[in-house]
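In: Predicted model follows, preceded by the sequence.
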Amino acid sequence: MSNDGKNLADIVKNVHRRLRQELHKTGDLESVWINHCRNVPCLKKYASSMHKLATEHWEQLRVSNPATSRINWTWSFLQYYFFSGGLQQHRQKSNSDTEWPKLILNESKVAVLDVGSCYNPFGEYEELDVLSIDLCPALESVYQCDFLNIPLGKTTVIDGQSVLSLATNQFHCIVFSFLLEYFPSPSQRWTCCEKAHLLLLREGILIIITPDSKAAHSNSKVMRSWREALSAIGFKRIKYEKLQHAHCMAFRKNSVESVLKAEDRELLASKMYIPQDFYNPSDSENEEKDEIKFTEAELAEGFTNLPLFDE
Ligand SMILES: C[S@@+](CC[C@H](N)C(=O)[O-])C[C@H]1O[C@@H](n2cnc3c(N)ncnc32)[C@H](O)[C@@H]1O
């Protein structure tokens, strides 16, 4: 990547690192998050850097090598699932007698909620009816909203450029593209996934994309842990693929909400970890070495556990 691209990536990574540092120092997740949301100059710098990084630098790679793109991957999965019989195949596999509502696609469009959208990358697809939200939008087509704290209710309320509440059981698809690792705590990642489950229609899809330029097996333990946590919420992973720079996953909402006990929720939330959670982020040298240590056996197991398709 050029120097400009590297500088932009550093701005983005430094915001993530600073959030982890603050949490490590204070242990007070709520205050760390509130202070972060109030730091408008920092949010705006992040938004413009991320926008530029994605549209000027990563876009070049997308053009020269489309198979590396998380946007292309998501679109191709949605085409398969909603327009080429994927939904019906998975309904049969799940042995469910659920009737998909007749209005499955309003005017043949898939209703997508893109959380942490930044610059509305899915807005280019006519077949998608996208509601793009972000803590600090880079473009006007994206609405301001803190997904962690947005109330869920019967209707989606939009006021000017802000989303004030979101309707449950409304979306065919929710996208978390490079979102979850922004948060300094596993419990925040868990909260996002629980909310996604409430917002999706039954048989809807949660897409999770998380960056990782290492080989697939090196973080297979982490991806397996996420899969277990999401399964307890009622999501079944129906597709996994490791691209050059990201893990891409599609989870299907297979069941209605399950009632979890408080202690189970705590344990499950802790499963939404990322390797960086375990390091003292004040030692910035660790940042580049942030991988969980694996035994040889775990590495071998990792190879067999990461097929292109799970089913
Ligand atoms: C790394 S960027 C990813 C942008 C885009 N989804 C992509 O794939 O290029 C993460 C985005 O998540 C947004 N974000 C972080 N926390 C959020 C929250 N609680 N609610 C909504 N957006 C959030 C950030 O503002 C940032 O734009």
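Out: Good, I have the coordinates. Residues are numbered from 1 along each chain as shown.
In: Show the pLDDT at the residue in the chain positioned nearest to the ligand.
Out: Residue nearest to the ligand within the chain: G116 (2.6 Å; C-beta to the nearest ligand atom). C-betas here are computed from N, CA, C, even on glycine. Looking at G116, its pLDDT stands at 98.
In: need the contact list for the closest residue in space to it that isn't next to it in sequence.
Out: Leaving aside its chain neighbours, G116 sits nearest to L179 (3.6 Å; criterion: C-beta to C-beta, 6 or more residues apart in numbering). With contact set as C-beta atoms under 8 Å, 6 or more residues apart in numbering, L179 has these partners: 115-116, 192.
In: go on, D264?
Out: D264 sits in contact with A232, where contact means C-beta under 8 Å, 6+ apart.
In: what about it, helix or strand, and which?
Out: helix 262-270 (DSSP states H and E).
In: And that helix, what's buried?
Out: 265, 268-269 (16 or more other C-beta atoms under 10 Å).
In: which ones are touching F178?
Out: By C-beta under 8 Å, 6+ apart, the neighbours of F178 are 70, 116, 209-211, 246.
In: Now do the lengthiest helix in the chain: distance to the chain's middle.
Out: For the chain, the helix that runs over the most residues, judged by DSSP state H, is helix 3-26. Relative to the centre of its chain, helix 3-26 is centred 18 Å away, using C-alpha atoms, centre = their mean, to the nearest Å.
In: Neighbouring strands of the helix or strand hosting M249 in the sheet, and parallel or not?
Out: Per DSSP H and E: M249 is located in strand 246-253. Note on strand 246-253: by DSSP bridges, its sheet partners are strand 200-211 (antiparallel), strand 235-242 (antiparallel).
In: Out of these, which is the most enclosed?
Out: Most buried of these, by mean neighbour count (mean count of other C-beta atoms under 10 Å): strand 200-211, with a mean of 22.
In: Not counting its neighbours along the chain, what's nearest the residue nearest the centre of the chain?
Out: Central residue of the chain (C-alpha atoms, centre = their mean): F176, 2.3 Å from the mean position. Spatial nearest neighbour of F176, excluding adjacent residues (C-beta to C-beta, 6+ apart): I208 at 4.9 Å.
In: my read: that neighbour touches R227, true?
Out: No - counting by C-beta atoms under 8 Å, I208 does not reach R227; the two are 9.9 Å apart.
In: Which parts of this structure are helices?
Out: Secondary structure of the chain by DSSP H: the helices cover 3-26, 29-38, 40-52, 59-64, 70-78, 86-93, 186-199, 220-233, 262-270, 296-304.
In: now for these, which one comes closest to A138?
Out: Judged by C-beta to C-beta, the one of the helices of the chain that comes nearest to A138 is helix 40-52, at 3.8 Å.
In: Return the list of helices and strands in contact with that closest one.
Out: Where contact means 3 or more C-beta pairs under 8 Å, 6 or more residues apart in numbering; DSSP states H and E, helix 40-52 is packed against helix 3-26, helix 29-38.
In: Swap in 7 Å and give it another go.
Out: Applying 3 or more C-beta pairs under 7 Å, 6 or more residues apart in numbering; DSSP states H and E, we find helix 40-52 packed against helix 3-26.
In: All set, thanks.
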